[in-house]
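Asks: Please work out how this folds:
(chains A and B)
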Amino acid sequence: MNSAAPHLRSLLVLSAPILLAAACGGGGGGGATTGTLSGQLLVPSSSAAVLADDAEAVIAADAQRRMVGGEVVVWLEPGQSPPDLTADGLDLLRAPGGPIAVYQARDAMDRSSLHEGAAVADSKEAATCRAARAAEGKTGIRCASPNWILQATFSPNDTHFDKQWHYPQINLPQAWDITRGSSSVIVAVLDTGIKAAHPDFDATRFVSGFDMISNPATARDGSGRDFDPEDEGDLATPQGSSFHGTHVAGTIGANSNNSAGVAGVDHNCKLMIVRVLGQGGGTTSDIADGILYAARLTNGSGQLPTQRADIVNMSLGAPGLNTVLQQACDAAAAAGCLLVAAAGNDNTSDPGSPAAFDSVLSVGAVDLVRARAPYSNFSSTVDLWAPGGDMTADRNGDGFPDGVLSCGADDSGNFFFNFENGTSMASPHVAGVAALVKARSPSLTAAQIRSVLLNNTQAGTSLPNSGRVLDALAAVQAAGTAATGPFLVATPTSVDFGASSTQATVALENRGTSSPGNLVFQSVSFSPAAPWLATLTSNDTAGDNIDIDHIQFTADRTGLANGVHQTVATLNYLNGATPFSVAVSFRVQVGSSATSTDTVFVLLVDPDTFETVFQTETTALSAFAFGFGGVTPGQYLLAAGTDRNNDNDISDAAELFGVFPSLDQLLVLDVAAGEVISDLDFALEEQSSVSSAGARGGRVFRRLR
Amino acid sequence: MRAAAFALLASLVACACEPSAKDPTPMTQESLPDWSGPPLQVQTLADGGISLELLAPTANHSFVVAAVDTTPGVATIRMLHTTPGDAFVAQVITPLRATVEASRLGGARRIDVRIATKAGPSAPAGAERLAFVLMRP
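Replies: Below you'll find the predicted structure:
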């Protein structure tokens, strides 16, 4: 969103409903659940808001976001009543009091929605966006926007997730709102094997792996090829073995949202571990046979897996083009596998194997600012860039090197989590997202998944050859439009009741396009069992190729202990659709006050003295929207929080507190004369007595009296 | 910590390139580093020894002290860096550390670090390259 446009930004508060209607603008953004904060910084100069040069392009992009079609939300100037905008095509729909009013855009109501097949420019959504823009600048209206539907961004509860900067960088948490993967998708990891006993792996997610190392000496397991891909160590350095495959596999599919360790890119896919690298590395024959094995093609081992892998990750490489390996890659691709490989770490434009083959998706590494990592190869054969990290830097100041955090082990049998960097780390991000794409749209072929990944990217920072960076959200969103046969989709894909909500409804659609058939509801099952959860099904829309199109979940916290309770609801339909899983969770937090009664103080703070310069207040009644006017040009930190104990400190224990853009990172807002800054989204979190000081470095934020 | 190490490295390089008037072995063309391999970090240890860390681009490199030669005022640390050659290896940046005890440096004020590289375990070592010159007070 154009930062110069007079939109508000939203601040999301922890705990509560899944769908939140933002007061104005903003949108996206994650966080939780009982309300939103929106706001803008205004300065006294009368310079008009600058619209984007290509307004229609912005409208076309905005139109594809989720909104209540035809509804425009306005934020009124203080003391103003909702103005009559009938002549502008806007009819007042509701004005519940306070600074927010909702209008209906007449022009939008006659149009079809995008999901009904309308062209973007002619759609109800685009008309709504235009109406919102028209409302802006009208007397008495501070800002306006479509009535966005904001969905809480899923944030896994893994202990070290906050250090996995490489996931937000590729918009992965937002993608997890759409899908967290499917157990029907298999990702093969051709590497040093795995330490399967690492506590952050779920043994049920491993499928028929293989140890393809033929030389017992380099395999270090006393035998040649066998069915055990356990990593016996590669003695890669005098300090010990790398257990590289464990790290790579952890990035793809570590046990996630399990209140421990790290998160993986895909939370549900199956992992096929194929051990091809031993002491000294790997041989062409072992790796080629490993590729063929993963593709369920005849290979030198005489063995085949039960089912071929959908995606094959190879965080390995060697200089030059190896024709034998190329044959294996080409054969696996022809068999339906998407092959993904590390571009290499030699800081060269020379192509290497297997990344440079046409049949392989080559992945270069970017650092924390999406610039090429200093070691990454940059051949023209690099297809896509993904976070590989740069451990010589700590650009986010979190006290850790900017590496990729995943599962680690050592030769003494210890398990831990460690940062590594390399194109080895970038490749599994792409493989994992490919698995998410496949989960979202199971009918996609490997070539189509590759196309989705390459055509739905984000900009990097001066990447060679106009390179683009992996964008998980864009990819899974695009995948959702590519289904063909019967295809069940649930929205949202996760339900988090937070600490106070008890009901949530999931909409179910048959997204099949070519021959969708008619999906007939069969059952919903829970794993683990969830006696605290009741379901109610309904069919709200006839003729939509699915008999049950809504399922309501009702949570009962009675008698449950404090903590997070979660399960996965699997929705089963007859007639060909893959079962769809919806993650359901909620918190029991007896003794916590509800946010609906809280006043949240929003502060603009001097970044040098940490003294509060400006302050405003907001509550649930105004959907936690906020706005500042008359801000003196200068530099500010933006913070918000409650003061439940009335000690003026909004950042101490038991308060809801947050800073922009996050508690891990303080940014200074530079406000120029006449500038309008929007999209100041940030989350509030309940501060525990043991909360890390994070980016605020132990500073206290005090409200004004 | 790594950033701190680089800062130290930068100061050491500066030290090497700007010999003081008391330097008994001024820098010459022959003493200019010509190493173009992976990044190398050198640190002086508290006991006067030297710590070296080569940032190998992949797994399966090795980096060992082959010899330490001393002449009056100058110690030359000869390192052997062995790459994986044409083997397929994990594409992970791998720090390789080596240490030279102070006793082996003979109190030298100038320490040269020279590295010979073998392109694979069975390949012959190439010519030595000067990777680092460290001047000590």
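Asks: Contact residues of chain B facing chain A?
Replies: Residues of chain B lying near chain A by Cβ under 8 Å from any Cβ of the partner chain: B:1-3, B:6, B:57-62, B:64, B:84, B:86-94, B:96-97, B:121. C-betas here are computed from N, CA, C, even on glycine.
Asks: Quick one, which of those residues are buried?
Replies: Buried members of the residues of chain B next to chain A, counted by 16 or more other Cβ atoms under 10 Å in any protein chain shown: B:2, B:57-62, B:84, B:86-94, B:96.
Asks: Can you tell me which of those end up in strands?
Replies: Among these, DSSP state E puts B:62, B:89-90, B:94, B:96 in strands.
Asks: nearest residue to B:Ala125 other than its sequence neighbours?
Replies: Nearest non-adjacent residue to B:Ala125, counting by Cβ to Cβ, 6 or more residues apart in numbering or on different chains: B:Ala116, 4.3 Å away.
Asks: helix or strand right after the helix or strand containing A:Phe419?
Replies: Applying DSSP states H and E as the criterion places A:Phe419 in strand A:415-420. As assigned by DSSP H and E, the chain's next helix or strand after strand A:415-420 is helix A:423-440.
Asks: mind listing what's buried in that next one?
Replies: A:423-440.
Asks: Might you calculate how far it sits from the centre of the chain?
Replies: 13 Å (Cα atoms, centre = their mean, to the nearest Å).
Asks: Not counting sequence-adjacent ones, nearest residue to A:Ala333?
Replies: Nearest non-adjacent residue to A:Ala333, counting by Cβ to Cβ, 6+ apart: A:Ser359, 3.9 Å away.
Asks: how far away is the one you found from A:Leu454?
Replies: Note on A:Ser359: its distance to A:Leu454, by Cβ to Cβ, to the nearest Å, is 14 Å.
Asks: Pick out whichever of these two has more residues nearby.
Replies: Using other Cβ atoms under 10 Å in any protein chain shown as the criterion, A:Ser359 and A:Leu454 rank with A:Ser359 on top: 20 against 14.
Asks: so who does the more buried one touch?
Replies: Each residue near A:Ser359 by Cβ atoms under 8 Å, 6 or more residues apart in numbering or on different chains is listed here: A:326, A:329-330, A:332-334, A:339.
Asks: of all of chain B, which residue lies closest to chain A?
Replies: Shortest chain B-to-chain A distance, computed as Cβ to the nearest Cβ: residue-wise this is B:Ala87, at 3.3 Å.
Asks: and that residue, what are its phi and psi?
Replies: Backbone torsions for B:Ala87, taken as degrees, to the nearest 10, come to phi -70, psi 150.
Asks: how about the nearest residue to the residue most central in space within chain B, chain neighbours excluded?
Replies: Centroid-nearest residue in chain B, with Cα atoms, centre = their mean: B:Val113, separated by 4.0 Å. What sits nearest to B:Val113 in space, not counting adjacent residues and going by Cβ to Cβ, 6+ apart, is B:Phe132, at 4.0 Å.
Asks: how about the one you found, secondary structure?
Replies: strand (DSSP: H, G, I helix; E, B strand; the rest coil).
Asks: Give me the distance between it and B:Val65.
Replies: Distance of B:Phe132 to B:Val65, given as Cβ to Cβ: 14 Å.
Asks: Kindly state the pLDDT recorded for residue 47?
Replies: By default, I'm working from chain A. Here the pLDDT value assigned to A:Ser47 is 25.
Asks: not what I meant, chain B
Replies: B:Asp47 is assigned a pLDDT of 89 by the prediction.
Asks: what's around whatever residue of chain A ends up closest to chain B, how many residues?
Replies: Per Cβ to the nearest Cβ, A:Gly281 is where chain A lies closest to chain B, at 3.3 Å. Neighbours of A:Gly281 under the rule other Cβ under 10 Å: 26.
Asks: which residues touch the residue nearest to it when sequence neighbours are not counted?
Replies: Nearest residue to A:Gly281, sequence neighbours excluded (Cβ to Cβ, 6+ apart): B:Ala87, at 3.3 Å. Counting by Cβ under 8 Å, 6+ apart, B:Ala87 touches A:280-283, A:318, B:60, B:120.
Asks: Just flag the most distant two among those residues.
Replies: For the contacts of B:Ala87, the maximum inter-member distance is 13.9 Å, found between A:Gly282 and B:Gly120 (Cβ to Cβ).
Asks: what about those two, which has more around it?
Replies: Using other Cβ under 10 Å, the more surrounded residue of A:Gly282 and B:Gly120 is A:Gly282, with 29 against 15.
Asks: just the strands in chain B please.
Replies: Using DSSP E, strands in chain B cover B:40-44, B:50-56, B:62-71, B:74-82, B:89-90, B:94-100, B:110-118, B:129-135.
Asks: do you know which of the ones you listed lies nearest A:Asp310?
Replies: Evaluated with Cβ to Cβ, the strands of chain B place strand B:89-90 nearest to A:Asp310, the distance being 22.7 Å.
Asks: Just checking, which helix or strand of chain B averages the lowest pLDDT?
Replies: Sorting the helices and strands of chain B by mean pLDDT, DSSP states H and E puts helix B:2-17 at the bottom, at a mean of 35.
Asks: in a helix, that's where A:Ile59 is, yeah?
Replies: Yes: A:Ile59: assigned to a helix according to three-state DSSP.
Asks: circling back to that earlier point, I'd like the ones in strands among the buried ones among the residues of chain B next to chain A as CSV, with pLDDT and distance to A:Val524 appended.
Replies: Shown next, in CSV, are those (pLDDT from 0 to 100; distance: Cβ to Cβ, whole Å):
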residue, pLDDT, distance to A:Val524
B:Ser62, 94, 57
B:Val89, 97, 47
B:Ala90, 97, 43
B:Thr94, 96, 48
B:Leu96, 95, 54
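Asks: if we take these, which one ends up nearest to B:Ser103?
Replies: Nearest to B:Ser103 among those, counting by Cβ to Cβ, is B:Leu96 at 22.6 Å.
Asks: Where does the prediction get shaky in chain B?
Replies: Scanning chain B for pLDDT under 70 picks out B:1-31.
Asks: Name all residues that make contact with A:Ala236.
Replies: If you count contacts by Cβ under 8 Å, 6+ apart, A:Ala236 has them with A:242, A:244, B:59-60, B:90, B:94.
Asks: go with 7 Å
Replies: A:Ala236 makes contacts with A:242, B:59-60, B:94, as judged by Cβ atoms under 7 Å, 6 or more residues apart in numbering or on different chains.
Asks: okay, it: pLDDT?
Replies: The per-residue pLDDT reported for A:Ala236 equals 83.
Asks: Ok, A:Gly698 next?
Replies: A:Gly698 carries a pLDDT score of 57 in this model.
Asks: ok, B:Phe132 and B:Val65, which is more surrounded?
Replies: It is B:Phe132, of B:Phe132 and B:Val65, that has more neighbours when counted by other Cβ under 10 Å, with 22 against 17.
Asks: now the helices for chain A?
Replies: Secondary structure of chain A (DSSP state H): helices at A:55-62, A:106-109, A:124-135, A:172-176, A:216-219, A:244-253, A:284-294, A:323-334, A:423-440, A:446-455, A:472-479.
Asks: Noted, bye for now.
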